[in-house]
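Enquirer: Dropping the sequence and predicted coords here.
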Amino acid sequence: MSNTYFQDQLALLKIEYNEDLRQYLEQTQSTSISDRRALGLVWYPIAIRGTEIGRGDYITVEVERGGNQDSPHQFRSGASAVLFSNHDSQSYRVEGTIGYLNNNRLKITLRSDDLPDWAADGKLGLELLFDNNSYEEMEQALKQAAKLAELSPKSRLLETLMGEEKASFKENIDYKSSSLNQKQQEAVRKIIAANELAVIHGPPGTGKTTTLIQAIKELSERDQKQILVVAPSNTAVDLLSEKLAAEGLNVLRIGNPARVSDKLVSLTLDAKISEHPSMRDAKKLKKQAAEYVNMAHKYKRNFGKAEREQRKALFDEAYKIQKEVNQIEQFIAEDLICKAQIITATLVGANHYSVRGLKYETVVIDEAGQALEPATWIPVLKAKKLVLAGDHCQLPPTIKSEEAARKGLNNTLLEKLVHYHPEAVTLLEEQYRMNSRIMAYSSQVFYENKLVAHESVANRVIKEDEPALSYINTAGCSFTEVKEGVSLNNPEEAVFLVNHLTEISAKFTEDTSVAIISPYREQVLLLKNLIAESPELEPFHRNISVNTIDSFQGQERDVVYISMTRSNDESAIGFLSDIRRMNVAMTRARKKLVVIGDSVTLSRHQFYANFISHTETTDAYKSAWEFMS
């Protein structure tokens with residue numbers, strides 16, 4: 001890596017930014033409010049539940065969404081949004097930043113010192129704005145990295161990451177754990193011993209998160225220094241935060257959790273500030289400031305001069321009190337941050353204003369195989385030592401621009417470091433999820449046949465007479481894909497799958513869990529409807545999940561069906577050619593995996609041709625005709 005390397009990364013980031021912005025504008029400029037609401041970009045209608053003075057004398061408004069409360073949305077802490085009104089067919093707007101999110105309520109700090117008059121007229125909504133902040137943080141990190149790359153001498157970590165030095169390790173590190181297997185213990189030892197870099201490569205079911213948690217705990221106890229632990233998604237950060245806290249570590253979660261549970265909320269900075277003994281006086285002051293604000297709101301701007309002056313005096317008093325509250329909160333926040341053993345955040349959240357200036361002895365990045373490289377540099381620049389954990393053979397980062405992906409943005413820092421620094425990598429080899437027959441093809445293609453199924457899972461099946469792996473070939477059955485909007489479905493294949501599932505469901509227990517996976521959203525919708533309409537499957541409805549591949553990353557089920565969907569004369573398979581995604585799909589099953597697809601279409605790609613050959617040689621191949629009546 002050199003200065004040129006980071007300039008190339010900046011150019012790729014710019015391509016991705018432009019495509020992301022284009023798609024956002026396409027979604028928002030020509031669609032109705034109801035369409036944008038369905039996309040999760042709008043809350044409408046909303047009701048205002050309270051106001052308070054926020055940071056920098058801005059007004060903070062608490063809102064609750066009134067409709068579609070169960071529908072998913074893309075709102076999150078730190079995102080920019082706009083409060084709008086559609087009253088009297090007029091469009092009024094004021095921008096702000098979301099500071100707190102809990103189920104169907106959030107707080108937004110508006111770029112205004114007062115609530116606009118039109119907010120009292122009703123018909124209010126909130127709309128997400130394009131996320132410029134994340135791109136700005138990534139851009140700044142790459143520019144800073146480019147500057148540091150020019151320095152001489154560089155930090156040891158940067159020299160290692162740039163390939164100028166090999167990773168180095170302390171000798172004679174003693175670590176044993178009865179709860180970890182040999183390879184997992186080896187990974188922990190390597191992390192403790194590393195001076196600059198250590199990598200855990202964790203294939204499906206190998207206990208990567210368990211190993212990482214124990215390594216972080218051990219590092220914290222040995223070094224007694226604060227550790228930053230980050231991941232690309234809020235959900236991954238939440239899992240880490242919860243597990244680290246369960247180990248007795250003092251964890252501070254920066255940003256708001258995606259999964260709102262009392263345990264997680266109690267780890268956040270806001271919750272810890274509110275529970276701090278020093279907050280008693282601040283709470284009284286806050287209440288006083290809120291009373292002044294409420295009194296001020298009783299005056300309208302079109303009243304006379306005396307009323308306007310009285311209103312201003314009330315606001316001035318509220319602002320003065322709030323400044324005192326802010327100082328108390330700042331003191332408490334600094335105290336809490338200083339005492340935390342572990343700070344957890346998303347990659348971009350590592351630069352949250354509350355921890356922006358902090359540096360760390362060790363930075364840990366989990367799920368690094370899904371982390372966009374420009375985003376990884378945000379926490380990396382804060383580290384003396386870097387620990388990466390993930391699997392570059394599973395889901396890649398989400399990238400909007402095909403051009404940027406093609407030119408290298410889909411190539412993660414994890415993937416590069418695994419290639420350039422094998423001395424830093426520990427591959428976890430024993431997996432605790434899959435029957436060995438389900439595991440075999442993935443192990444052969446992605447992990448050099450090194451995976452071993454633990455004896456507790458190696459031979460488990462749903463019934464003795466029900467094989468763990470089946471490929472059902474639909475070639476010649478006239479199961480043809482159909483274009484639906486921007487997606488695809490295959491109605492006959494979907495019906496066949498549901499019939500097959502219905503037949504083997506007689507062998508299920510009431511606890512048998514099932515995942516039905518398709519790479520195509522339209523096929524997912526079709527399958528969901530067919531399952532819902534099946535009276536025979538009704539007893540199992542609560543245990544059947546139907547979704548795309550990405551939604552099952554990190555999850556597992558007893559039985560997994562994969563509907564390949566593609567079947568056409570051109571043998572076109574589209575993004576089925578992303579075999580890392582297929583690796584995820586094929587490694588979710590514990591006891592039975594059923595892959596259904598057209599061999600003529602699929603076999604044009606070597607991965608699927610080899611998979612079909614594998615099923616033939618292992619007696620797992622069937623023709624759909626065998627099940628036709």
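Expert: Structure's in. What do you need?
Enquirer: and the nearest residue to residue 159 once chain neighbours are set aside, helix, strand or coil?
Expert: Using C-beta to C-beta, 6 or more residues apart in numbering and skipping the chain neighbours, the partner closest in space to residue 159 is residue 165 (4.5 Å). No exception for glycine: its C-beta is placed from N, CA and C like everyone else's. Using DSSP: H, G, I helix; E, B strand; the rest coil, the structure places residue 165 in coil.
Enquirer: give the contact list for residue 165.
Expert: Residue 165 is in contact with 156, 159, 196, counting by C-beta atoms under 8 Å, 6 or more residues apart in numbering.
Enquirer: Scan this protein for its longest helix.
Expert: helix 305-339 (DSSP state H).
Enquirer: in the protein, which ranges drop under the pLDDT threshold?
Expert: For the chain, the stretches with pLDDT under 70 are 1-2, 54-57, 88-90, 260, 297-304, 629.
Enquirer: what residue lies at the spatial centre of it?
Expert: Centroid-nearest residue in the chain, with C-alpha atoms, centre = their mean: residue 233, separated by 2.7 Å.
Enquirer: Give me the distance between it and residue 346.
Expert: 7 Å (C-beta to C-beta, to the nearest Å).
Enquirer: now residue 294
Expert: 36 Å.
Enquirer: circling back: in helices only, show me the contacts of residue 165.
Expert: 156, 159.
Enquirer: Residue 137 in helix, strand or coil?
Expert: helix.
Enquirer: Please identify which of residue 294 and residue 346 sits among more neighbours.
Expert: residue 346 (27 against 13; other C-beta atoms under 10 Å).
Enquirer: quick one: the more buried one and residue 255 touch, right?
Expert: Yes - the pair residue 346 / residue 255 is scored as a contact, 6.3 Å apart, by C-beta atoms under 8 Å.
Enquirer: Find residues that contact each of these two.
Expert: 234, 237.
Enquirer: what's the burial count for residue 310?
Expert: Neighbour number of residue 310 under other C-beta under 10 Å is 16.
Enquirer: what does the one 10 residues further on give?
Expert: Burial of residue 320 is recorded as 13 neighbouring residues (other C-beta under 10 Å).
Enquirer: same question, residue 356
Expert: So residue 356, with other C-beta under 10 Å, has 10 neighbours.
Enquirer: do the same with residue 132
Expert: For residue 132, using other C-beta under 10 Å, the count is 11.
Enquirer: ok, now residue 434?
Expert: Neighbour count of residue 434, defined by other C-beta under 10 Å: 30.
Enquirer: repeat for residue 580
Expert: Residue 580: 16 neighbours (other C-beta under 10 Å).
Enquirer: And for residue 609?
Expert: Counted with other C-beta under 10 Å, residue 609 comes out at 13.
Enquirer: Also the one 3 residues further on?
Expert: Here the neighbour count serves as a burial measure; for residue 612 (other C-beta under 10 Å) it reads 18.
Enquirer: before we move on, back to that, measure the residue nearest to the centre of the chain to residue 347 for me?
Expert: Note on residue 233: its distance to residue 347, by C-beta to C-beta, is 9 Å.
Enquirer: can you check residue 406 too?
Expert: 23 Å.
Enquirer: same deal with residue 148?
Expert: Taking C-beta to C-beta, one finds residue 148 at 18 Å from residue 347.
Enquirer: higher neighbour count, the two?
Expert: For the pair residue 148 and residue 347, the greater number of neighbours falls to residue 347 (27 against 15), based on other C-beta under 10 Å.
Enquirer: related to what we said a few turns ago, verify the stated contact: the residue nearest to the centre of the chain with residue 370.
Expert: Yes - counting by C-beta under 8 Å, residue 233 touches residue 370, with 7.4 Å between them.
Enquirer: Give me the buried positions along stretch 160-167.
Expert: For stretch 160-167, a neighbour-count test (16 or more other C-beta atoms under 10 Å) marks 160, 161, 162, 165, 167 as buried.
Enquirer: And stretch 133-141, by the same measure?
Expert: Buried, per 16+ other C-beta under 10 Å, within stretch 133-141: 134, 135, 137, 138, 139, 141.
Enquirer: again, but for stretch 139-152
Expert: 139, 141, 142, 145, 146, 149.
Enquirer: For stretch 167-181, list every residue counted as buried.
Expert: Buried, per 16+ other C-beta under 10 Å, within stretch 167-181: 167, 169, 175, 180, 181.
Enquirer: Ok, stretch 282-296 next?
Expert: Applying a neighbour-count criterion of 16+ other C-beta under 10 Å, the buried positions in stretch 282-296 are 282, 286, 288, 289, 290, 292, 293, 296.
Enquirer: who are the neighbours in contact with the last one?
Expert: If you count contacts by C-beta under 8 Å, 6+ apart, residue 296 has them with 114, 311, 314, 315, 318.
Enquirer: burial measure for the nearest residue to it once chain neighbours are set aside, as a count.
Expert: Spatial nearest neighbour of residue 296, chain neighbours left out: residue 314 (3.9 Å); criterion: C-beta to C-beta, 6+ apart. Using other C-beta under 10 Å, residue 314 is surrounded by 19 other residues.
Enquirer: Over to residue 221?
Expert: By other C-beta under 10 Å, neighbour count at residue 221 equals 12.
Enquirer: distance between the host helix or strand of it and the chain's centre?
Expert: Assigned by DSSP states H and E, residue 221 belongs to helix 208-223. Counting by C-alpha atoms, centre = their mean, to the nearest Å, helix 208-223 is centred 22 Å from the centre of its parent chain.
Enquirer: which other residues reach the next helix or strand after that helix?
Expert: Past helix 208-223, further along toward the C-terminus, the next helix or strand under DSSP H and E is strand 227-231. The contact list for strand 227-231 (C-beta under 8 Å, 6+ apart) reads 216, 219-220, 237, 240, 244, 341-347, 349-350, 358, 360-367, 371, 379, 382-383.
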